[in-house]
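*Asks:* pasted the sequence and its predicted model underneath.
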Amino acid sequence: MKDKLNMHSVHKLKDWDEIIVGDNIGTIQYRINAKDVEVYTDSLDNIDSWYIDNSPFTGAIAPPCYFCDDYLRLLIEYIDYPLDVLHSRVSHESKAPIRHGTLITVKGTIIDKYTRRGRDHIVVETLATDESGCVVSRDRNILSRPIKDNKTNDG
């Protein structure tokens, strides 16, 4: 799929309990290309001419949720990803259209960590920026897993 130019993990793989709010979980950099966008839209059965040929934004653009899975690409390079994780909630903000050929940088950060209803939760935020540094996409994903060991439920 996405032809990544650079991907660097900033830490050795951590255990879930070692995750700290504020941790930078890594950066991915890649160029939006027509072939990857076509494969992506085909897989969703969502082929709009804006994504392949032309749009009102001076050329073909990437679909708004094109960046939605980048948090997973970063997270698996950051933690020893447990098998019992559930994806509880997601929010996505598309801030600007992204033309094919644009170099995108995606950075991930742990922005919250808490325990609720018998599960540990983390909130991962990813910000995608274009070459000028303008934020073009913001995603927040909440992941949870059953409480391990002797932890207590806080409500």
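*Replies:* That came through, no problem. Here the structure is a predicted model, which is why all the values come from computation and not from measurement. Numbers count the residues shown, from 1 in each chain.

*Asks:* now the strands for this protein?
*Replies:* 4-8, 24-31, 86-94, 103-116, 119-129, 135-146 (DSSP state E).

*Asks:* rank those by mean pLDDT and give me the bottom one.
*Replies:* With a mean of 52, strand 4-8 has the lowest mean pLDDT of the strands of the chain.

*Asks:* ok, residue 67 - how many residues close by?
*Replies:* Around residue 67 there are 24 other residues, counting by other C-beta atoms under 10 Å. C-beta: built from backbone N, CA, C; applies to glycine.

*Asks:* give the contact list for it.
*Replies:* Contacts for residue 67 (C-beta atoms under 8 Å, 6 or more residues apart in numbering) come out as 104, 106, 126, 128, 137, 139.

*Asks:* and residue 65, by the same measure?
*Replies:* By C-beta under 8 Å, 6+ apart, the contact set of residue 65 is 92, 94.

*Asks:* quick check: it vs residue 129, distance?
*Replies:* Look at residue 65 and residue 129: by C-beta to C-beta, to the nearest Å, they are 17 Å apart.

*Asks:* equivalent analysis for residue 144, please.
*Replies:* Distance from residue 144 to residue 129, by C-beta to C-beta: 28 Å.

*Asks:* tell me which of those two has more neighbours.
*Replies:* Taking other C-beta under 10 Å, residue 144 and residue 129 do not tie; residue 144 has more neighbours (20 against 17).

*Asks:* my guess is the more buried one contacts residue 118, does it?
*Replies:* No. Using C-beta atoms under 8 Å as the test, residue 144 is too far from residue 118 to be in contact (9.4 Å).

*Asks:* quick one on the thing from earlier: turn the strands of the chain into TSV, including distance to residue 58.
*Replies:* Below are those laid out as TSV (distance: least, C-beta to C-beta, whole Å):
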stretch	distance to residue 58
strand 4-8	24
strand 24-31	18
strand 86-94	17
strand 103-116	17
strand 119-129	20
strand 135-146	15
